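In: quick one, what's the 3D model for this:
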Amino acid sequence: MFNDKNELVYNDVSDASINVDGTYTASIRAARGYNNIYIICNETSELTEKLSAITLENEIEKVTFSAVGIVAPPPMYGNVARAYVESRSDGKNATVTINNIKMTELPVSVTRMVSRISFTAIKNITNPNEDFKVTKLTVKVCRMSAATL
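Out: Numbers count the residues shown, from 1 in each chain. Next comes the predicted model:
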């Protein structure tokens, strides 16, 4: 959670409870005013360590982690930009406004941070005694901009 000045407001792990409709609810802290909210679920220990060190919002996009050996459930990511938070001076009766809609709970959709990639290698083997083996494989995964999706 960052305020509109790129400053960290809240960076902690919250326990989530499951609702009857299959959604999850977690409590977080926010500053009054505009906040940019990042939700990361099912963190690996490596990812948790890196996220704990973040102090400015522009550092979050630079965080990388190894996805080797991750089993279900995979890490998930979601964010909400410019959520306007209001509350009484004691922090009670907090509301958040997004797109001119005021609410007491903020829905955040999350997506996978990792995916399994598989491939098939085909080689024309002319000699039946020749084994086929991969000696070097390079995979580069790039984030697509929203404009291309």
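
In: which stretches of the chain form helices?
Out: 45-52 (DSSP state H).

In: in it, where's the longest strand?
Out: strand 76-86 (DSSP state E).

In: so what's the gap between that strand and the chain middle?
Out: With C-alpha atoms, centre = their mean, to the nearest Å as the basis, strand 76-86 stands 12 Å off its chain's centre.

In: same for it, what does it pack against?
Out: Where contact means 3 or more C-beta pairs under 8 Å, 6 or more residues apart in numbering; DSSP states H and E, strand 76-86 is packed against strand 33-41, strand 95-98, strand 111-112. Using the backbone N, CA and C atoms, a C-beta is placed for each residue, glycine as well.

In: as JSON lines, these with mean pLDDT and mean neighbour count would be great.
Out: Converted to JSON lines, these look like this (pLDDT from 0 to 100; neighbours: other C-beta atoms under 10 Å):
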{"stretch": "strand 33-41", "mean pLDDT": "91", "mean neighbour count": "18"}
{"stretch": "strand 95-98", "mean pLDDT": "93", "mean neighbour count": "16"}
{"stretch": "strand 111-112", "mean pLDDT": "83", "mean neighbour count": "9"}
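
In: just give me the neighbour total for the nearest residue to residue 8 once chain neighbours are set aside.
Out: For residue 8, ignoring the flanking residues on the chain, the nearest one in space by C-beta to C-beta, 6 or more residues apart in numbering is residue 55 at 5.2 Å. Neighbours of residue 55 under the rule other C-beta atoms under 10 Å: 10.

In: tell me how far residue 55 lies from residue 9.
Out: Per C-beta to C-beta, to the nearest Å, residue 55 is found 11 Å from residue 9.

In: what of residue 1?
Out: For residue 1, the distance to residue 9 - C-beta to C-beta - is 4 Å.

In: where does pLDDT dip in this protein?
Out: Residue ranges of the chain with pLDDT under 70: 115-117, 119, 121-123, 140-149.
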